[in-house]
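Participant: Have a look; sequence and predicted model below, questions after that.
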Amino acid sequence: MGYVEDGTPCGPNMMCLERRCFPITTFNLSTCPGSSSSHVCSLHGICSNEVKCICDSDYTGKDCSVFDPIVIPTPDGSEIVKDLREFDFYLFAVLSSFPAVQSALRRRDKDLVHLLVPGVLLEVGVGTRDGPLQDLSAGRRELQRGEMPSALLLAGRAHHHAPVHLEVLVLRGRFFVMLACCVVFVLFAARSVVECNPSPGLADVVVDRHFIPQVCAREAKEGDFVRYHYNATFVDGKTFDSSHTKGDPKVGLLGEGRLIAGIDKGLQGMCVNERRTITVPPHLAYGSAGAGEVIPPDTTLVFTIHLLDVWNKADLVATKTISTPKDCKRSVMRTDFVRYHFNGSLYDGTVFDSSYTKKQTHDSLVGEGWLIKGMDEGLMGMCVGEVRHIVVPPFKAYGEKGSGTDIPAQATLVFDVLLVDIHNAKDNLTVENQVLPEPCARKSVSGDYALIGVCIGEKRRVIIPPHLAYGEEGAGGVIPPNAALVFDIHVIDFHNPNDTVAILITHKPEACNETTAENDLVRYHYNCTLVDGTKLFSSHDYESLQDATLGSDKVIDGLDAGLRDMCVGEKRVITVPPHLGHGEKGATGVPGSAVLVFDIELVSFEKGVPPGYLFVWLEESPSDLFDALDVNKNAVVPQEEEADGEDVLVLRHAVGHGEVSQRVPQQQHVGPALQLSEAGCVGQSPFPLVEGVDQLALEGPQDPLKKKPTVSSGYQRGASL
């Protein structure tokens, strides 16, 4: 791969370039579409590494991979269609390096007609369209009167491994003499260069596409700004420049002459995030002048490009809705305050920021300069719950300065946004989806423990803006700052501290001679629920009735009050407010601050023992009961003393917190002590039987109408508490 001497042929499938031999496959010229004589892309484009033609941006034909024939008019008005055939490729490449010729070849205008005659002849004519050029060049005819006197004919015969023969005909004008001389000089110079290898030369840029993204977000075209990283080398691999070394990507404008012609052309059609190698011949790089001491004259350059960004001054903020909620009642408007999650990346996919990483939303005012212009525009019209893809061009983002180390200058930004919240400083509390029960027995008012104006059983959605909720501070780790709160509410019950027990009699028997009162033992069935009907407890779930002694503080105050003044067989619905129930803390199975509803049926009740009495006689009492019990007459009835007789004492007795009424055999009560057994308990007692050996001693006279007995501590085994 070193320098070769002039005239040294290169190996098979190789070509000579700058006195070096390179494989033709390096430039991908041998198999790219073209004419039958392998003119790459018909000289109207560049060949990619996929062996496809990328046509010039100004090409107006149908397909540059198929040769576009040249039409030559004849004197009789007809046209001759000529095809490109065999000719010396380098000869044409050198000639076409003239900008004027190059431009005319692309435009196909009337200033220049070129004809490549099969096999031997290259002819270029300016304004000479009145007769066949080949007749003039071959000497078969002379220029006739009437033909354009300023015409220039340049005919060059070029055969492989043969001297270049030139015929120059100058009719008038010093300009054409000078032009002819220049062309002759260039052609002979080209001959000395290419003679070492008869292979075709590099007439245009060659593109090798290393990586093409599956989704091409955007292709670079003329008029676009591009931002790219590059490594620039000579054909021997020596690096002379690199954006990676400089630390910043290159920014350039396509089609405006701000880049060297080869790079300008090689970048067109490139996708964002694509990687390609562009080989640029000298005449599309720095030409014969080179670039200082870095790039020698007539040097082919190789650029490895990674395209990072493409934008245009005409770009708008691009938005694409990924998903949207079914019901969108409100969308973002100017002066709204929004909370949203986002992932922010550059156009090449490099992530520069994310709210998910920070574990908090981004909160901002819209349309007031808090955000970059592109984000302000991109958020407009979004619904809560919508996911949107927003692409912001650099001039509506951070422009030429960028932002910190994460966002470079002239960077297009891509945001994937999930809108979480919208509110406005003018917002008030909003009530939605209101479902009212029929009828509304009670509506809350100021002073109630409830939302003002709600009915028991009502359902509604309440939306509270941040300034009426927890504001900019939020609440711990649960409610973020600036959060609008949405409450879906089902009103179970509400109450007032002044509420009393509410009693609704649903059934009352016709005969009601006696009603319950304090100290009475009552037996009843009940169902206990919340106001909305949620069942808590029921006596029907047990085998026996529920019983309680009114006024003994064994049931909640509200139920105790509701059970009074009832007749046997009566049914009631008793509503108990929390302060007369289980209060703010609730109880097992009962929520805090719960209003309780009892559905009661009174089955039976027994009148109670007056306060301070152990028992009372239901029938006429003995005249001296104590004397009858005090066998040894020592004013004490110990356990050892017993009394004879089978009399039956009918009494109502009270022991501890329970009261029972029972006719019991006398021998159980006359003797050393008053012995109460389990047989003395009627019905289900809510109090357990205590296993113990303590005694219940009666001291002094036992007639409750005369003397009040005193009770020592303790009670006999089997007694009911």
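Facilitator: Sure thing, it's come through.

Participant: need the helices for the stretch 501-650 of the chain, in chain order.
Facilitator: Secondary structure of the stretch 501-650 of the chain (DSSP state H, counting those that start in this stretch): helices at 557-562, 625-629.

Participant: Tell me which of these is the most buried.
Facilitator: Of all these, helix 557-562 carries the top mean neighbour count, a mean of 20, counting by mean count of other C-beta atoms under 10 Å. Placement of C-beta: from N, CA and C, glycine included.

Participant: Residue 325 contacts residue 386, doesn't it?
Facilitator: Yes. Using C-beta atoms under 8 Å, residue 325 is in contact with residue 386, at 6.5 Å.

Participant: Which residue of the two possesses the greater neighbour count?
Facilitator: residue 386 (20 against 12; other C-beta atoms under 10 Å).

Participant: TSV for the helices of the stretch 501-650 of the chain, including distance to residue 334 and mean pLDDT?
Facilitator: Conversion of the helices of the stretch 501-650 of the chain to TSV gives the following (distance: least, C-beta to C-beta, whole Å; pLDDT from 0 to 100):
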stretch	distance to residue 334	mean pLDDT
helix 557-562	56	94
helix 625-629	97	71
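
Participant: Could you export those helices to CSV, including columns for distance to residue 410?
Facilitator: Formatted as CSV, the helices of the stretch 501-650 of the chain follow (distance: least, C-beta to C-beta, whole Å):
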stretch, distance to residue 410
helix 557-562, 76
helix 625-629, 114
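
Participant: Show me the shaky parts of the stretch 401-550 of the chain.
Facilitator: 450 (pLDDT under 70).

Participant: how about a cut-off of 90?
Facilitator: 425-487, 489-499, 511-513, 518-520, 531-533, 540-545 (pLDDT under 90).

Participant: Can you show me the CA trace of stretch 286-298 as CSV?
Facilitator: The C-alpha atoms that make up stretch 286-298 are tabulated as CSV, following Å, rounded to 0.1, in the frame of the first residue of the first chain:
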residue,chain,number,x,y,z
TYR,A,286,-9.6,20.7,-0.4
GLY,A,287,-8.4,20.2,-4.0
SER,A,288,-5.0,21.0,-5.3
ALA,A,289,-4.5,23.7,-2.6
GLY,A,290,-4.9,21.4,0.4
ALA,A,291,-5.4,22.9,3.8
GLY,A,292,-2.3,24.4,5.3
GLU,A,293,0.2,21.9,6.7
VAL,A,294,-2.6,19.4,7.8
ILE,A,295,-4.0,18.3,4.5
PRO,A,296,-1.7,18.0,1.5
PRO,A,297,-2.8,19.0,-2.0
ASP,A,298,-5.0,16.6,-4.0
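
Participant: Quick one: mean pLDDT for that stretch?
Facilitator: For stretch 286-298, the mean per-residue pLDDT is 91.

Participant: How about residues contacting it?
Facilitator: 18, 240-241, 260, 282, 285, 299, 301 (C-beta atoms under 8 Å, 6 or more residues apart in numbering).

Participant: same check, this time on stretch 572-590
Facilitator: Everything outside stretch 572-590 that qualifies as a contact, by C-beta under 8 Å, 6+ apart, is 495-497, 499-506, 531, 536-537, 556-559, 561-563, 566, 592-600.

Participant: quick one: buried residues of it?
Facilitator: 572, 574-582, 590 (16 or more other C-beta atoms under 10 Å).

Participant: Likewise for stretch 461-474?
Facilitator: Neighbour-count burial for stretch 461-474 flags 462-467, 469-470, 474 (criterion: 16+ other C-beta under 10 Å).

Participant: And these, which is closest to residue 247?
Facilitator: Using C-beta to C-beta, residue 474 is the member of the buried residues of stretch 461-474 that sits closest to residue 247, with 40.9 Å.

Participant: what residues are up against the closest residue to that closest one other than its chain neighbours?
Facilitator: Distances taken as C-beta to C-beta, 6 or more residues apart in numbering place residue 481 nearest to residue 474, at 4.2 Å, with adjacent residues excluded. Listed by C-beta under 8 Å, 6+ apart, the contact set of residue 481 reads 363, 466, 470-474.

Participant: 7 Å instead?
Facilitator: Residues near residue 481 by C-beta atoms under 7 Å, 6 or more residues apart in numbering: 363, 472-474.

Participant: Quick one: mark the members of these that sit in strands.
Facilitator: Members of these lying in strands (criterion: DSSP state E): residue 363.

Participant: Turn the contacts of residue 481 into CSV, including distance to residue 345.
Facilitator: Formatted as CSV, the contacts of residue 481 follow (distance: C-beta to C-beta, whole Å):
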residue, distance to residue 345
363, 21
472, 29
473, 31
474, 28
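
Participant: Identify the farthest-apart pair in the contacts of residue 481.
Facilitator: Those two in the contacts of residue 481 that are separated most widely, counting by C-beta to C-beta, are 363 and 473, at 12.4 Å.

Participant: Show me how the record splits this structure into domains.
Facilitator: 69-194, 206-307, 318-423, 502-606, 615-711 (automatic domain parsing).

Participant: Residue 275 pairs with what?
Facilitator: With DSSP bridges as the criterion, residue 275 is bridged to residue 211, residue 306.

Participant: Residue 208 is in contact with that one, correct?
Facilitator: No. Counting by C-beta atoms under 7 Å, residue 275 does not reach residue 208; the two are 9.6 Å apart.

Participant: what's the residue nearest to residue 415 when sequence neighbours are not counted in contact with, if anything?
Facilitator: Distance criterion C-beta to C-beta, 6+ apart; nearest residue to residue 415, sequence neighbours excluded, is residue 390 at 4.4 Å. Contact analysis of residue 390 by C-beta under 7 Å, 6+ apart lists 317, 319, 375, 378, 415, 417.
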